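S.K.: Need coordinates for the following:
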Amino acid sequence: MTQVILGENEGIESALRRFKREVSKAGIFPDVKKHRHFETPLQKRKRKAVAKQKQRQNRFRY
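M.R.: Below you'll find the predicted structure:
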């Protein structure tokens, strides 16, 4: 679980920025998007195929 402890005289805006940075580093956003709604087996196969294709393209870039 990600948590941010407020420092003395620290504003909410900066704490929120730090929290967002920690959440993105922890990889929570993709997980939340993935579990947001039910995914049919066809959608799951398509998503995995696209991810595999992107990974293959990135592997051969220099």
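S.K.: Pull up the per-residue confidence for the closest residue to Phe29 other than its chain neighbours.
M.R.: The shortest distance from Phe29 to any non-neighbouring residue, by Cβ to Cβ, 6 or more residues apart in numbering, is to Val23 (6.7 Å). Yep, even glycine has a C-beta here, placed from its N, CA and C like the rest. We note a pLDDT of 89 for Val23 in this prediction.
S.K.: Check the one 3 residues further on too.
M.R.: Residue-level confidence at Ala26 comes out at 88, pLDDT.
S.K.: One more: Phe19?
M.R.: Here the pLDDT value assigned to Phe19 is 92.
S.K.: Can you read off the pLDDT for Ala51?
M.R.: The model's pLDDT for Ala51 equals 92.
S.K.: so it is in which element?
M.R.: helix 41-59 (DSSP states H and E).
S.K.: got a list of contacts for that helix?
M.R.: Glu39 (Cβ atoms under 8 Å, 6 or more residues apart in numbering).
S.K.: Show me which positions of that helix end up buried.
M.R.: By 16 or more other Cβ atoms under 10 Å, helix 41-59 has no buried positions at all.
S.K.: likewise stretch 3-17?
M.R.: Buried residues in stretch 3-17 (16+ other Cβ under 10 Å): Val4.
S.K.: first to last residue in that stretch, what's the distance?
M.R.: Distance across stretch 3-17, first residue to last, is 12 Å (Cα to Cα, to the nearest Å).
S.K.: One more: stretch 30-40?
M.R.: End-to-end for stretch 30-40, by Cα to Cα: 18 Å.
S.K.: Cool, thanks, signing off.
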